[in-house]
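Novice: Structure for the following, please:
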Amino acid sequence: MTVLRKSRAALGVGLAVALLATGCGGSDAEDDGRITLNVGLFGTFGFEEAGLYDEYMELNPDIRIEETSVERSADYYRTLQTRLAANSGLADVQGIEIGFVADLTENHADAFVDFAALDGADETLGHFYDWKVEPATSEDGRVIGLGTDAGPEGMCYRRDLFEQAGLPTDRDELSALWADWDGYLELGRRYAAAPGRAEGTSFVDSPASIFSAAVYQGEFAYADEDGQPIPDTSDGVQAAWEDASAAAEEGLTAGLTQFGDEWNSAFANGGFATVACPAWMLGYITSQAGDDASGQWDVATLPGGSTNWGGSWLGVPESAEHREEAIARVQWLTAPEQQIKMFTREAHFPSSRVAAEDPEVSGATNEYFNGAPVGQIFGQAAAELRFTPISRYDTQIQEAFSSALTNVATQDTSPDDAFDEAMTEIEDIVG
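Specialist: Got it, this is the predicted structure:
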């Protein structure tokens with residue numbers, strides 16, 4: 001099968017509207033007698049677009065689903081924190097983003113239904129990858145949400161730019177050449193020195209592209225096993241900084257800020273040849289690069305091993321007005337059968353191992369990316385992933401390192417000075 005070319009707003013950016021499922025509206029007081037399940041989300045989860053709400057309501061005619069989505073995940077989370085503190089105003093189902101799941105498991109686990117304590121918990125949780133369940137599990141074993149999508153990573157690259165630079169273009173050959181980040185950087189140096197390199201192009205979009213992927217390949221990234229920040233001693237940070245700062249200092253990157261306007265434009269004008277890409281980013285690249293770039297992009301495996309970027313969960317507050325109905329709906333939406341539909345219809349990679357191993361997923365190709373076997377590439381990455389401890393400060397810590405690396409790339413800041421600047425900012429963040 002071929003994956004639909006859909007854009008995934010994985011950083012909490014989506015429609016700033018309230019999405020009302022077909023046939024939904026009003027309140028429980030309406031005379032049709034149906035229960036209204038309120039769903040609070042951020043960005044674009046895709047359930048409405050994939051037709052899953054309509055399908056669920058056909059199966060459960062006594063239920064209507066009303067979804068409200070906030071554009072930015074940060075705005076959504078501020079509101080969620082306020083409502084959790086007041087124990088009021090919570091929806092029947094609440095979306096949980098990877099950037100704040102650690103805070104919820106640490107400080108608000110009791111406010112959510114524990115899926116590990118429900119009847120049939122082994123079946124409910126058993127089809128997920130272990131690394132998807134663990135971040136949503138509190139210290140005392142409460143599982144506060146069920147996984148929706150995931151973001152196993154590969155390396156997206158421009159075949160045409162590689163060819164102009166006299167480099168290999170075959171995805172399997174490249175995967176072997178950059179089996180680790182040393183090999184990737186060496187290929188970057190060859191690209192930069194190539195006489196045929198397209199003028200004005202860089203090997204990689206941003207040093208953050210290297211750092212954000214490589215940091216989770218260590219035993220630890222930003223936190224220890226207790227969720228305490230350890231960016232100054234982490235093996236993942238040290239290795240990722242060494243590789244990313246080398247790329248920045250040597251001029252191998254375009255020095256762009258990811259998801260900024262210039263970064264978006266660079267997809268269309270071919271400003272860089274590679275970018276570390278989670279599964280959901282393929283849709284984003286397609287939308288930014290446009291139809292003219294179809295077949296010019298391809299996907300290989302990520303240097304250094306498997307990592308994950310992005311993904312969410314659905315949780316049910318203990319105070320939900322329709323608690324039991326909400327639990328049943330979350331279990332249905334995140335079941336393997338629905339995760340397969342989310343992949344085939346919306347290109348959201350499953351967090352369910354069973355779904356990812358289904359032929360409709362594992363055999364998927366993407367024609368825009370030169371027919372790349374994306375189901376196989378991202379499925380292998382997901383299968384090889386392991387859980388890396390996270391903290392509630394991970395997002396801010398990564399932003400500090402990313403900004404410091406941009407200074408190395410664009411302002412000639414030395415890697416040592418930039419690292420010290422990042423650590424000063426991080427100390428202010430974590431206290």
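Novice: what separates the longest strand anywhere in the chain from the chain centre, distance-wise?
Specialist: In the chain, assigned by DSSP state E, the strand with the most residues is strand 146-158. In terms of Cα atoms, centre = their mean, to the nearest Å, the centre of strand 146-158 is found 6 Å from the chain centre.
Novice: Let me know how buried Glu139 is, in neighbour terms.
Specialist: Neighbourhood size, Glu139 [other Cβ atoms under 10 Å]: 10. Backbone N, C-alpha and C define where each C-beta goes, glycine included.
Novice: Checking my notes, it in a strand, right?
Specialist: No - the assignment for Glu139 by DSSP: H, G, I helix; E, B strand; the rest coil gives coil, which leaves it out of any strand.
Novice: Tell me who's in contact with it.
Specialist: Going by Cβ atoms under 8 Å, 6 or more residues apart in numbering, Glu139 touches 105-106.
Novice: quick one: pLDDT of it?
Specialist: Turning to Glu139, the model gives it a pLDDT of 94.
Novice: sorry, back to before: which neighbouring elements make contact with the helix or strand just after the longest strand of the chain?
Specialist: Sequence order places helix 159-164 as the next helix or strand after strand 146-158, per DSSP states H and E. Helices and strands touching helix 159-164, as assessed by 3 or more Cβ pairs under 8 Å, 6 or more residues apart in numbering; DSSP states H and E, are absent.
Novice: Dump the C-alpha coordinates for helix 159-164 into PDB.
Specialist: The C-alpha trace of helix 159-164 is given here as PDB (Å, rounded to 0.1, in the frame of the first residue of the first chain):
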ATOM      1  CA  ARG A 159      18.600  12.400  -3.800                       C
ATOM      2  CA  ASP A 160      19.100  15.100  -6.500                       C
ATOM      3  CA  LEU A 161      21.400  17.100  -4.300                       C
ATOM      4  CA  PHE A 162      23.400  14.000  -3.400                       C
ATOM      5  CA  GLU A 163      23.700  13.100  -7.000                       C
ATOM      6  CA  GLN A 164      24.900  16.600  -7.900                       C
END
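Novice: For the most centrally placed residue in the chain, what are phi and psi?
Specialist: Centroid-nearest residue in the chain: Gly310, 1.7 Å away (criterion: Cα atoms, centre = their mean). For Gly310, the backbone dihedrals are phi 100, psi -180 (criterion: degrees, to the nearest 10).
Novice: okay but it is in contact with Ile98, surely?
Specialist: Yes - if you go by Cβ atoms under 8 Å, Gly310 and Ile98 touch, sitting 6.3 Å apart.
Novice: just the helices in the stretch 201-350 of the chain please.
Specialist: 207-214, 235-249, 261-269, 281-289, 323-333, 336-346 (DSSP state H, counting those that start in this stretch).
Novice: Packing partners of the fourth one?
Specialist: In this structure, helix 281-289 packs against strand 146-158, helix 261-269, strand 272-278, strand 297-301, with contacts taken as 3+ Cβ pairs under 8 Å, 6+ apart.
Novice: Rebuild those as JSON lines, extending it with distance to Asn366 and mean pLDDT.
Specialist: Formatted as JSON lines, these follow (distance: least, Cβ to Cβ, whole Å; pLDDT from 0 to 100):
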{"stretch": "strand 146-158", "distance to Asn366": "10", "mean pLDDT": "98"}
{"stretch": "helix 261-269", "distance to Asn366": "16", "mean pLDDT": "96"}
{"stretch": "strand 272-278", "distance to Asn366": "11", "mean pLDDT": "98"}
{"stretch": "strand 297-301", "distance to Asn366": "7", "mean pLDDT": "98"}
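Novice: Throw those into a markdown table and include distance to Ala50 and mean neighbour count, thanks.
Specialist: Shown next, in a markdown table, are the helices and strands packed on helix 281-289 (distance: least, Cβ to Cβ, whole Å; neighbours: other Cβ atoms under 10 Å):
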| stretch | distance to Ala50 | mean neighbour count |
| --- | --- | --- |
| strand 146-158 | 11 | 26 |
| helix 261-269 | 25 | 15 |
| strand 272-278 | 19 | 25 |
| strand 297-301 | 23 | 23 |
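Novice: count of neighbours near Leu177?
Specialist: 18.
Novice: Roughly how far does it sit from Tyr184?
Specialist: The spacing between Leu177 and Tyr184, counted by Cβ to Cβ, to the nearest Å, is 8 Å.
Novice: angle of the helix or strand containing Leu187 against strand 146-158?
Specialist: Taking DSSP H and E as the criterion, Leu187 maps to helix 181-193. Per axes from the mean of the first three to the mean of the last three Cα atoms, to 10 degrees, the angle that helix 181-193 makes with strand 146-158 is 40 degrees.
Novice: what's the angle between helix 181-193 and helix 235-249?
Specialist: Going by the same axes, to 10 degrees, helix 181-193 makes 10 degrees with helix 235-249.
Novice: Name the residues of helix 181-193 that come out as buried.
Specialist: Burial within helix 181-193, assessed by neighbour count using 16 or more other Cβ atoms under 10 Å, is assigned to 181, 183-185, 187-188, 191.
Novice: can you give me the strands in the stretch 301-431 of the chain?
Specialist: 308-315 (DSSP state E, counting those that start in this stretch).
Novice: if I read this right, Phe42 contacts Gly95, doesn't it?
Specialist: Yes - contact criterion Cβ under 8 Å: Phe42 and Gly95 qualify, at 5.8 Å.
Novice: Could you name every residue contacting both of those two?
Specialist: Tyr76.
Novice: just to revisit the earlier point, CA-only coordinates of the longest strand of the chain, as PDB, when you get a sec.
Specialist: Provided in PDB are the C-alpha atoms of strand 146-158 (Å, rounded to 0.1, in the frame of the first residue of the first chain):
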ATOM      1  CA  LEU A 146      -3.100   5.200  26.300                       C
ATOM      2  CA  GLY A 147      -0.800   5.900  23.400                       C
ATOM      3  CA  THR A 148      -2.000   7.400  20.100                       C
ATOM      4  CA  ASP A 149       0.800   8.000  17.500                       C
ATOM      5  CA  ALA A 150       4.600   7.700  17.800                       C
ATOM      6  CA  GLY A 151       7.600   9.300  16.100                       C
ATOM      7  CA  PRO A 152      10.300   6.800  15.300                       C
ATOM      8  CA  GLU A 153      13.000   8.500  13.300                       C
ATOM      9  CA  GLY A 154      14.900   8.100  10.100                       C
ATOM     10  CA  MET A 155      17.100  10.300   8.000                       C
ATOM     11  CA  CYS A 156      15.400  12.100   5.100                       C
ATOM     12  CA  TYR A 157      17.600  13.200   2.200                       C
ATOM     13  CA  ARG A 158      17.500  14.900  -1.200                       C
END
